[in-house]
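[1] Return a 3D structure for these sequence lines:
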Amino acid sequence: MQLLLKILFRKLSTVSLLLCVTLNSLILNVANADENTLTWAQLDADQHKVLNPLAAEWDTLRPWQREKMLDIAHDYPKMDVQEQQRVQNRLSSWSRMTPYERENARKKYQQFHDLPADKKAELRKKWLEYQKLPEAQREALRKDAPGQYDDADFK
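    Prediction:
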C-alpha cells in the first residue's frame, strides 16, 4: 500500500510540474500577445516618435506586423543617424503604399532574399551603378522598363 502511495505521489508531482510549466508558457504567450495588440494610444512617446508614419493604420496592423514595428522602435535609439533616417524614409514610403504595392514589395524582398550570394552581390553592384547615373538617364530607364527601376524600393 505504501509503495502504491509513493508511485501515485510521484505521478501527481510530475503532473503538477507539467501543469505549472504549461501554465507558465500560456502566461508568457498571453503577455507577448498583449504587447502585440497594443493600440496606438497605449504606445509610449518614444514609440510614437519612431512609428509616427504608421499612426493612422497602427490599430489595423496584424499582431506579427506590430511585433516587427515594435522591434524596430526598440532598436531605433541604438542606430546611428543615417540608419534612423533610412528607417524613417522606409516607414513613410511603406505607409503611403497600397496593399497591392506592399504585397509586391514583400514578394520582391523574398525573391531577393532567396537568391544566392553572388546574384545578390551582382544586383547590388548594378543598383549602385544605377544610383550614379544622372536623373535624366534614370528617368529614361524607368520609362523603358517600368517596375524594374523603382527608386522608392531602395531608399
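
[2] which element is the residue nearest the centre of the chain on?
    Nearest residue to the geometric centre of the chain (Cα atoms, centre = their mean): Lys68, 3.4 Å. Using DSSP states H and E, Lys68 sits within helix 63-75.

[3] what helices or strands is that helix leaning on?
    Counting contacts by 3 or more Cβ pairs under 8 Å, 6 or more residues apart in numbering; DSSP states H and E, helix 63-75 is packed against helix 2-36, helix 45-51. Using the backbone N, CA and C atoms, a C-beta is placed for each residue, glycine as well.

[4] next one: the last one to chain centre, how far?
    Remark: helix 45-51 is offset 16 Å from the chain centroid, using Cα atoms, centre = their mean, to the nearest Å.

[5] helices and strands around that helix, which ones?
    Short answer (3+ Cβ pairs under 8 Å, 6+ apart): helix 45-51 packs on helix 63-75, helix 81-96.

[6] Would you mind giving those as a markdown table with mean pLDDT added?
    Listed next are those as a markdown table, based on pLDDT from 0 to 100:
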| stretch | mean pLDDT |
| --- | --- |
| helix 63-75 | 93 |
| helix 81-96 | 93 |
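
[7] Where among the helices and strands packed on helix 63-75 is average confidence lowest?
    Looking at the helices and strands packed on helix 63-75, the lowest mean pLDDT belongs to helix 2-36 (a mean of 53).

[8] just checking, Met97 touches Leu91?
    No: counting by Cβ atoms under 8 Å, Met97 does not reach Leu91; the two are 10.9 Å apart.

[9] Compare those two (neighbour count), which wins?
    Of the pair Met97 and Leu91, Leu91 is the one with more neighbours under other Cβ atoms under 10 Å, namely 18 against 13.
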